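1. Fold the following, please.
(2 chains)
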Amino acid sequence: MDRLNVKNWLANLKTSLQQKPALFRLIKASALVGIITFVLFVMPLILQRIVVSAAVYHPKHIALKDSVAMSEERILLENNIKQLNKRLNAFIPSNHYLIINSTDNVFMLYKGKTLIREGICSTGSYLLLENDKQQSWLFKTPKGEFKILNKKVDPVWKKPDWAFIEEGLPVPSPNHPSRFEYGVLGDYSMSLGDGYMIHGTLWQRYLGLPVTHGCVRMNDADLEAVYKTLSVGSKVYIY
Amino acid sequence: MKTSRIFLYTISLIVVLFYLVMTVSAPVRKLNRINQLATSDSIFMNQNSAIATYKGLLPLVKESAYKEAQIILAKQDSIGLLINFNDSIASLMLKGVEIHASKIISYKRDKLFNGIKAPAVKKIFSSPLHNISEFSTVVKEPIVKKRAPKDPAEALQMATVPDTIAAEPAYVVYDMELGFRLILVQEKWETQAEKKIERKFKSDVRKQRLNDMFYSLIHLKEPVYTPTVIIVLNANEVRSIYRAMPWKASVVMLL
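-> Predicted structure coming up:
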């Protein structure tokens, strides 16, 4: 009885569709597009997965005793790995070094593989200052490996040209007294070269944010700890 | 008319069948090509015949290749990405020093990587892989232009300091040498902007195979297959990694 009902229903459907040829054509076209899409795009994806699984299938490894030759090769490989580990470990500085994350504005002080201290800092703001003389300065902290070139107590900041341009002030002569600012770099500074330094700051509330002109700023306690730990020649890694 | 129709249908069927066979077999062809990178080099195979013979040495071969690639990376002057699937760690290395380590929350790696044989693992993965192109929602250098003020009064008006660090959704795609794809993506998608990028990420992954097939069909080229690795990390970790990496990224993987 059910089969008869389905048959009748299908027959009625066919009749009603044939009375609406446009709709019938639309349904036929949609079905055709669906079948083509399935055959050309969906079925291959499914089959690809099956084929990849079959291609990489390995029967479960039954642990057999290594042959003599294989044991020798295994020992050679293991020794090779030990040698490679030794060579890799030689790259790690045995003394203290500093790592600075300029995205998260944090620093980590290490000795070998041991973390000694970590904290927040501030790095470059990525501000591009442009004047009307076609000069520009990009305030970013450079990435790479650096060394501490010198260390100073109570450093004095010799202001570069951009420091005046940024404030709308005329640029003075190279050794003009207005170039020298006292106390803004904190109690200590460590130079990385090319004018970049690790130093303190008067604006401690901005620590953790990218606000500097390229230097790395720390709070007083962290700066003192880093200053007293690192020596001239210590490595600084910035990323 | 009927004959020509039958002829047309037959030709279409043959073309479709040919296309289907080529598409379905694309991963196998890709795997064979990868393995042939080693097997076609007779000098290399002679030097490494043992690892080709003994399948049980594969884990050691992988580890050895990983270490060798790290040493090559250590001698370069740039930051590279290390991906260790065994320990679920993605780390950055600079001059041999691990400068950043991130816990891989989860990953999805194409099964094709499991079919790469020991000689090919040694040949391919014992030196860093580089990217050919990349896409990222993270801005590598978020440069903001500022015009120099004319006087101190104007400078005072222009003075601004960021309250918080702008955090864009983290979704990075590296198209690597040898036709691999590496995707780094954040774990949680909470804000509207992040949910929009999440939809894009999921759609890109779904559409990638379709794009490969569609492109090959339209251009009548051999269908390609792009093995993909998707690594899920914390959003900040993705940003830190992406911004640290140079434009020509170096990636070392321990499969």
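
2. Now do the helices in chain A.
-> Here chain A has its helices, by DSSP state H, at A:2-18, A:21-37, A:43-55, A:68-89, A:161-165, A:220-229.

3. how about CSV for those, with mean pLDDT and distance to residue A:140 added?
-> Backbone N, C-alpha and C define where each C-beta goes, glycine included. Formatted as CSV, the helices of chain A follow (pLDDT from 0 to 100; distance: least, C-beta to C-beta, whole Å):
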stretch, mean pLDDT, distance to residue A:140
helix A:2-18, 78, 68
helix A:21-37, 85, 49
helix A:43-55, 86, 44
helix A:68-89, 91, 30
helix A:161-165, 93, 13
helix A:220-229, 97, 21
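
4. Adding distance to chain B and mean neighbour count as columns, could you present those helices in JSON lines?
-> Shown next, in JSON lines, are these (distance: least, C-beta to the nearest C-beta, whole Å; neighbours: other C-beta atoms under 10 Å in any protein chain shown):
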{"stretch": "helix A:2-18", "distance to chain B": "23", "mean neighbour count": "10"}
{"stretch": "helix A:21-37", "distance to chain B": "9", "mean neighbour count": "11"}
{"stretch": "helix A:43-55", "distance to chain B": "4", "mean neighbour count": "16"}
{"stretch": "helix A:68-89", "distance to chain B": "4", "mean neighbour count": "14"}
{"stretch": "helix A:161-165", "distance to chain B": "5", "mean neighbour count": "17"}
{"stretch": "helix A:220-229", "distance to chain B": "16", "mean neighbour count": "17"}
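
5. any chance of these in CSV, with distance to residue B:120 too?
-> CSV is the format used below for those (distance: least, C-beta to C-beta, whole Å):
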stretch, distance to residue B:120
helix A:2-18, 56
helix A:21-37, 36
helix A:43-55, 14
helix A:68-89, 16
helix A:161-165, 53
helix A:220-229, 46
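
6. For residue A:120, find the nearest of these.
-> Residue A:120 lies closest, by C-beta to C-beta, to one member of the helices of chain A: helix A:220-229, at 8.1 Å.

7. Would you mind pulling the contact partners of the closest one?
-> With contacts defined as C-beta atoms under 8 Å, 6 or more residues apart in numbering or on different chains, helix A:220-229 is touched by A:96, A:98, A:107, A:109, A:116-117, A:119, A:121, A:151, A:186-188, A:190, A:198-200, A:204, A:218.

8. quick one: contacts for residue 20?
-> Using chain A here. Here residue A:20 is in contact with no residue (C-beta under 8 Å, 6+ apart).

9. sorry, should have said chain B
-> Residues in contact with residue B:20 (C-beta under 8 Å, 6+ apart) are A:39-40, A:43-44, A:47.

10. returning to what we had before: what's the PyMOL syntax to select whichever of the contacts of helix A:220-229 are buried?
-> Applied in PyMOL, the following selects the buried portion of the contacts of helix A:220-229 according to 16 or more other C-beta atoms under 10 Å in any protein chain shown:
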select buried, chain A and resi 96+98+107+109+119+121+151+186+188+190+198+199+200+218
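
11. How much space separates the closest residue to chain B within chain A from residue A:9?
-> When scored by C-beta to the nearest C-beta, chain A has residue A:91 as its residue closest to chain B, at 2.4 Å. According to C-beta to C-beta, to the nearest Å, residue A:91 stands 77 Å off from residue A:9.

12. my read: residue A:216 touches residue A:123, true?
-> Yes. With contact defined as C-beta atoms under 8 Å, residue A:216 counts as touching residue A:123 (5.7 Å).

13. ok, which stretches of the stretch 101-250 of chain B are helices?
-> Here the stretch 101-250 of chain B has its helices, by DSSP state H, counting those that start in this stretch, at B:118-125, B:152-158, B:192-218, B:235-244.

14. mean pLDDT for the ones you listed: which is lowest?
-> Lowest mean pLDDT within these: helix B:192-218, a mean of 78.

15. So which other helices or strands are in contact with that helix?
-> In terms of contacts (3 or more C-beta pairs under 8 Å, 6 or more residues apart in numbering or on different chains; DSSP states H and E), helix B:192-218 is packed against helix A:43-55, helix B:2-24, strand B:171-176, strand B:181-186, strand B:228-233.

16. hmm, the fourth one in reach of chain A?
-> Looking back up the chat, that one is strand B:181-186. No. Remark: strand B:181-186 sits outside contact range of chain A, by C-beta under 8 Å from any C-beta of the partner chain, the gap being at least 13.6 Å.

17. so who does the residue of chain B found nearest chain A touch?
-> Residue of chain B nearest chain A, by C-beta to the nearest C-beta: residue B:96 (2.4 Å). Contact analysis of residue B:96 by C-beta under 8 Å, 6+ apart lists A:88, A:90-92, B:70-71, B:73-74.

18. same check, this time on residue A:105
-> A:120-123, A:207-210, B:165 are the contacts of residue A:105 under C-beta under 8 Å, 6+ apart.

19. switch the cut-off to 6 Å
-> A:120-123, A:208 (C-beta atoms under 6 Å, 6 or more residues apart in numbering or on different chains).

20. Point to the residue nearest the middle of chain B.
-> Centroid check for chain B by C-alpha atoms, centre = their mean gives residue B:182 as the closest residue, at 1.6 Å.

21. didn't that one look like it was pressed against residue B:229?
-> Yes. If you go by C-beta atoms under 6 Å, residue B:182 and residue B:229 touch, sitting 5.2 Å apart.

22. returning to what we had before: neighbour-wise, which one of the contacts of residue A:105 leads?
-> Highest neighbour count within the contacts of residue A:105, by other C-beta atoms under 10 Å in any protein chain shown: residue A:121, with 28 neighbours.

23. how near is it to residue A:150?
-> Residue A:121 is 20 Å from residue A:150, by C-beta to C-beta.

24. and the helices and strands packed on helix B:192-218, which is most packed in?
-> strand B:181-186 (a mean of 22; mean count of other C-beta atoms under 10 Å in any protein chain shown).

25. Residues contacting it, please?
-> Under the criterion C-beta under 6 Å, 6+ apart, residues B:170-176, B:201, B:226, B:228-232, B:235, B:238 lie in contact with strand B:181-186.

26. and the residues you listed, which two are the farthest apart?
-> B:226 and B:235, at 25.1 Å, using C-beta to C-beta across those.
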